[in-house]
Structure formats: C-alpha cells, structure tokens
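> Sharing a model that was predicted from the sequence below.
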Amino acid sequence: MRILVIQQKRIGDVLTSTIICNNLKAKFPDSVIDYMCYPNSIDVLKENPNIDNIIPLSNEVRKSIPSLFKFIFQIRRKKYDAVIDVYSKLETNLITLFSGAKYKVSYHKWYTKIFYNYTYERFDAVESEHGLAIENRLLLLKPFISEKITNVKPKIFLKDSEINEAKQLLKSYNIDSEKPLIMFGILGSEVYKTYPLEGMAKIIDFTVAKTNATIIFNYVPYQKDLALEVYNYCSEETKKHIVFDLYCTELRPFLALLSQCEMLIGNEGGAVNMAKALEIPTFSIFTPSVRKETWQIFENEAKNFSIHLKDLKPEIYKQHTEQYIKEHTFEYYAEYPLSLILEKLEAYFREYKN
C-alpha cells in the first residue's frame, strides 16, 4: 500500500500528525508512507522510520496555478492507494481529488464530499487525556485501523552524531554539567503568542533562584533584540546564569540541544511540542486565544504542565469570542496573576524533583 499524509501549517501541527504515519506503518509494515508539508517543517520529520519520503509543498507552487497543477499531476503519477489530508485547504483538496487514490480521507466540512470519500467530524468537546489535537488526528485512521490505538505520542528521532554535536556545543560554552540546564521559550511564534517580556524575565529570575540552573534562550537571529530585552529585564544575579549567545540557527541542531535540557519553560507553541516529542518536561504559558482543549496535550503526565486563562477565568470565554480575545491578547495576558504562575511553577519544580 502506498499512502500520502498531508499536513501543511506550523511545526507543531506537522509533528503531531506524525502519529498517523507511526500507526499506519505499525499496521502495514510493508507500506510506503510519504508526508507532504511546508519546507520549513521538514526537519522534525527526518530520521522517522515510519516516513519513507518527505514531499515539500512550497509557497511558490501553492500560489501559482500552473505550478500547482503541475505538482498535482506529479503526485498523481505516484499512484497512491490512500491520501490522508489533515490540512484540508483548497490546494490539498485538489491534490487529494486528482490523486486517483481509493481512500481519500479528511475532516468533514459542508463541501468536502466533493473531494473525499471518507470524512469525519472533528471532536470539539470530548474528554481526553491526550488533547483534541491528538484525538482528531486519530479519527483519520478509522478507514484503516479498527482496534483501539494506544501509540498516540509524536516522536522526534535524532542521530547519535547530532546528539554528540550538541554535547560538544555545550562543552564549548563551558556549561557546568553538574547544574540543571533549562531552556526558556521566551518568544512565541507570533506577537499575540508571546507572554509580556518583563513578566517572562521575572519567571526566569524565579527559576534561577529556585533551581540554580543554567539558562539558555530559544530564539533565532532576527529575534535577538527582543531576546536582549528579556535578558536586560532580568536581575544581575540571574544574568550570571544565562548563556545568552548559545542558540541554534537551524532546526536539527536546535532539537539536539533541546534534548540535552532538563526542561523547557515558556510560551506554548512549536518548541513545547518538540520538547514533548523528545520526552523533555515542559511548563508552558498559553496565549489566551489558543483553544486549550486542543493543544493542552499529554498533561496527564506530571512532567508536562501549562497555564491557560480559561483555567483561571472561564467566564471570559462565555462573554467573548476567540477572535475578540485574540484581538485583545495583551489586555487578557494582564489577567494572568504573576504570583499564581510562580506558585504553580514552584509546585512544578517540587513535583519534578519527586
């Protein structure tokens, strides 16, 4: 059987959808499973033994009708038996429709019967220990797997050489291996997903005071000014614990570096999902407008904890739409009591030690 899984969008989405590949390969070990995604997400898929080929779909192809249709017919020539479209937007609707596959699987929308012969209503409010981002992806395996699925965690696969390079990088910065190493996700993928920088600095101060850890920041070069702003908000004592210039410009080295950390603390997003896939403990702060039911995943495990405004003040979500809350993100960030975040973080440190 030849299968194509399609998941455009951000790294966290792409990584989460690998559970589809992992389960299909376990069920059909002789199958060929290809994965289509944006080029900037390829690195979280590399070395996954359950993915045979990675197919990038670039913006240049997506936004050019001639290029898109040329791409569509390249896909058709691969003669897939099944296409599982997790993304389900116009370009992937067309890719699936013209693929020639016997099984064309996606989520139900009013128009999707035109493109797919197996469609499923997303869960919107269901009790789940894993989170709806997981449960909704498992829905798309229904045409292929009838038994209960227990392999529900995305995984990132690193080579020994990549891990050794990360260890050498830490050594080159004279990182004390006797002290915990904590990575801070100080910046979200969007402005509205970024907890106020001065507040983040206070969380870093608190972490150093409680753990005596070495701190590294997750940022990329164009974010250096914002990272420096967070650094400057920190106390002079905390600054002694921060290795500011230790960061990675490419995703695979970043993943290897993350794998060497004691934990990841900071804004919820792709880095948190990657940490969970590497079995690194996480303490994350959600932007108020992201649905907690979808992305509070694997928090049945004590090593993963998050704070969401909906947990603190659920009445806000009865009064306003998610779009309204998104447009007023920083007003609602002010509703997160810093004292409560620090209280939860201290409890998390105690739980983690136990």
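That came through fine.
> okay but residue 104 is in contact with residue 88, surely?
No. Using Cβ atoms under 8 Å as the test, residue 104 is too far from residue 88 to be in contact (11.0 Å). All C-beta atoms are positioned from the backbone trio N, CA, C, and that covers glycine.
> With adjacent residues omitted, what lies nearest to residue 49?
Nearest-residue entry for residue 49: residue 157, 7.1 Å, with adjacent residues in sequence omitted and distances by Cβ to Cβ, 6 or more residues apart in numbering.
> and that neighbour, what is it in contact with?
Contacts were defined as Cβ atoms under 8 Å, 6 or more residues apart in numbering; by that measure residue 157 touches 46-49.
> Distance from stretch 276-288 to the middle of the chain?
Stretch 276-288 sits 9 Å away from the centroid of its parent chain (Cα atoms, centre = their mean, to the nearest Å).
> Can I get it in CSV? Just the C-alpha atoms.
Backbone C-alpha positions of stretch 276-288 (Å, rounded to 0.1, in the frame of the first residue of the first chain) are rendered in CSV as follows:
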residue,chain,number,x,y,z
LYS,A,276,7.2,16.7,24.5
ALA,A,277,8.2,14.6,21.4
LEU,A,278,11.7,14.4,22.9
GLU,A,279,10.3,13.5,26.4
ILE,A,280,11.7,16.7,27.8
PRO,A,281,9.5,18.1,30.7
THR,A,282,7.6,21.3,29.9
PHE,A,283,6.0,24.2,31.8
SER,A,284,4.2,26.4,29.3
ILE,A,285,2.1,29.6,29.2
PHE,A,286,-0.7,29.7,26.7
THR,A,287,-1.8,32.7,24.8
PRO,A,288,-5.4,33.5,25.8
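> Buried residues in the helix or strand of the chain with the lowest mean pLDDT, which are they?
Within the chain, confidence by mean pLDDT, DSSP states H and E is lowest for helix 292-295 among all helices and strands, at a mean of 78. By neighbour count, and taking 16 or more other Cβ atoms under 10 Å as the criterion, the buried residues in helix 292-295 are 292-295.
> how far out from the middle of the chain is the very next helix or strand once past that helix?
Sequence-wise, the next helix or strand downstream of helix 292-295 (DSSP states H and E) is strand 304-307. From the chain centre to the centre of strand 304-307 is a distance of 14 Å (Cα atoms, centre = their mean).
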